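Trainee: What shape does this take:
(chains A and B)
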Amino acid sequence: MKAVNSDEMDCTRARESASARFDGELLDARELERHLGRCADCRAFDGALAASRGAMRELALPPTRDLWPRIAARTRRKLLERRLVRLAAALVGCVGTWALLRGGASQAPAAGADALAPIAALDDPHAELQRLAESPEHQLLLALAATTEDRR
Amino acid sequence: MQSEPELDDAEVRRLQRGDVGALELAYLRFGERVLATCRGLLGNAADAEDAAQDVFIKLFERAHQFDRRSRFSTWLYRLSVNHCLHMHDKLRLRRGNPLPVDATDELVAATGSPLEAAQESDARTLLDRRLMELSPEHRAVLVLREIDALPYEEIANVLEVPVGTVMSRLARARERWVQVTRAATAVRATVEVKT
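Mentor: Reported below is the predicted structural model:
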């Protein structure tokens, strides 16, 4: 509906006021009533508000099925992913810590395949990883990884 | 739509710690409202269900960002509206414009009568299509007011605009919507005469 009256600005404000009155958000309706008394277009707009709300609410069908099982399944997957990220961060931390402790900071390999080379040279890599996992350095790295993940 | 009680502070803290039970509580309290909001913003029940699921996954992932400066439900509405408008843009790019709207299947389930469902569907499909022709800003403010029944101040908080903007935007949106509902009513009358 386009306001075609000569007092177009008044029509704009009147429709805002009519809309607000319909919602119970208008304190003083006297000016609006005066305008509606002389403007048929705005009266038509005012009279159509209830029907338009009814039509809008027809669109809100009740939910046809429970979405929770799918949300729960996706949430569990997300939690698993989050734990895997923490585990991966902890493992990277273990390798880094191990390299620093074994080789010294000055001789520590930079990155990539060279960083994993010392693991291949171990007699018992599992026992070494277990020892590292129980070390205070590793606990610190785990806490750092958890903090980083929480901030994401 | 009936408003549900807010999550209390302890429940929010549980959610922020990653407690799935707290997420289920949020779903039980707000799931229907989130779905209705998504339905109004996307014009399609299947997309709305996908969107509502996404909103609760986002809620779980981003709960720590809730800073208690607004009500929890306001923050959740904001999450829902932003997600749906973003999703609508993506779907429109993928499927073309306008997006498909609902068929009669769900209406058969809702009304129990295929004939009634067909009649309802014609009118609803038209309403859906026309609603999707409104700008995202107009659609959002209409859905929050007419379907979710939020007061102006809360709509302003959800959309992060002044209350005066809500008032004027809602009036413009209603002007367009009044035109649409008149057209839909005419279609419904035609369908009823034919049957």
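Trainee: measure residue A:51 to chain B for me?
Mentor: In this view, residue A:51 and chain B are 6 Å apart by Cβ to the nearest Cβ, to the nearest Å. For every residue, glycine as well, the C-beta is placed using N, CA and C.
Trainee: Can you tell me the closest non-neighbouring residue to that residue?
Mentor: residue B:181 (6.0 Å; Cβ to Cβ, 6 or more residues apart in numbering or on different chains).
Trainee: The one you found reaches residue A:49, doesn't it?
Mentor: No - in this structure residue B:181 lies outside contact range of residue A:49 using Cβ atoms under 8 Å: 10.2 Å.
Trainee: So if I had to pick from those two, which one is more boxed in?
Mentor: residue B:181 (24 against 20; other Cβ atoms under 10 Å in any protein chain shown).
Trainee: List the contacts of that one.
Mentor: When contacts are counted by Cβ atoms under 8 Å, 6 or more residues apart in numbering or on different chains, residue B:181 touches A:48, A:51-52, A:55, B:127.
Trainee: pLDDT value on it, please?
Mentor: Turning to residue B:181, the model gives it a pLDDT of 73.
Trainee: And the one 5 residues further on, by the same measure?
Mentor: According to the prediction, residue B:186 has pLDDT 65.
Trainee: same question, residue A:62
Mentor: Looking at residue A:62, its pLDDT is 66.
Trainee: neighbours around residue A:96, how many?
Mentor: Residue A:96 has 16 neighbours, counted by other Cβ under 10 Å.
Trainee: And residue B:90, by the same measure?
Mentor: 10.
Trainee: Over to residue B:25?
Mentor: Per other Cβ under 10 Å, the neighbour tally for residue B:25 reads 15.
Trainee: cool, residue B:15 as well?
Mentor: Residue B:15, neighbours per other Cβ under 10 Å, totals 22.
Trainee: For chain A, give me the ranges with low pLDDT.
Mentor: A:1-9, A:61-64, A:104-152 (pLDDT under 70).
Trainee: For chain A, what lies in contact range of chain B?
Mentor: Residues of chain A that fall close to chain B, judged by Cβ under 8 Å from any Cβ of the partner chain: A:1, A:12, A:15-16, A:18-20, A:23, A:25, A:45, A:48-49, A:51-53, A:55-65, A:67-68, A:70-72, A:74-76, A:78-79, A:82, A:150.
Trainee: out of those residues, which are buried?
Mentor: Burial by neighbour count, judged by 16 or more other Cβ atoms under 10 Å in any protein chain shown, picks out A:1, A:12, A:15-16, A:18-20, A:23, A:25, A:45, A:48-49, A:52-53, A:55-56, A:59-61, A:63, A:67-68, A:70-71, A:75, A:82 from the residues of chain A next to chain B.
Trainee: And residue A:85, how close does it get to residue B:177?
Mentor: Using Cβ to Cβ, to the nearest Å, we find residue A:85 at a distance of 46 Å from residue B:177.
Trainee: Looking at these two, which has the bigger crowd around it?
Mentor: Between residue A:85 and residue B:177, residue B:177 has the larger neighbour count (other Cβ under 10 Å), namely 26 against 14.
Trainee: just to revisit the earlier point, now, which of the contacts of residue B:181 sits nearest residue B:136?
Mentor: Relative to residue B:136, the closest of those is residue B:127; by Cβ to Cβ it sits at 17.1 Å.
Trainee: Can you name the residues that contact residue A:25?
Mentor: B:151-152, B:167.
Trainee: Columns pLDDT and neighbour count on top of these, output as CSV?
Mentor: Output for the contacts of residue A:25, formatted as CSV (pLDDT from 0 to 100; neighbours: other Cβ atoms under 10 Å in any protein chain shown):
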residue, pLDDT, neighbour count
B:151, 95, 15
B:152, 96, 20
B:167, 96, 20
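Trainee: Also near chain A: which of those residues, exactly?
Mentor: B:151-152, B:167.
Trainee: and those, which of them are in strands?
Mentor: Residues of those located in strands (DSSP state E): none.
Trainee: contacting residues for the residue most central in space within chain B?
Mentor: With distances taken as Cα atoms, centre = their mean, the residue of chain B nearest its centroid is residue B:37 (1.6 Å). Contact analysis of residue B:37 by Cβ under 8 Å, 6+ apart lists B:77, B:80-81, B:84, B:143-144, B:147-148.
Trainee: What residues of the one helix or strand it maps to count as buried?
Mentor: Here residue B:37 sits within helix B:20-42, counting by DSSP states H and E. For helix B:20-42, the neighbour count (16+ other Cβ under 10 Å) marks B:20, B:22-24, B:26-27, B:29-42 as buried.
Trainee: Pick out the least confidently modelled helix or strand of chain B, by mean pLDDT.
Mentor: helix B:105-111 (a mean of 43; mean pLDDT, DSSP states H and E).
Trainee: What are the boundaries of the helices in chain B?
Mentor: B:9-16, B:20-42, B:45-62, B:72-95, B:105-111, B:114-133, B:136-142, B:152-159, B:163-194 (DSSP state H).
Trainee: could you give the angle of the third one to helix B:9-16?
Mentor: Read it as helix B:45-62. Put simply, helix B:45-62 runs at 100 degrees to helix B:9-16, going by axes from the mean of the first three to the mean of the last three Cα atoms, to 10 degrees.
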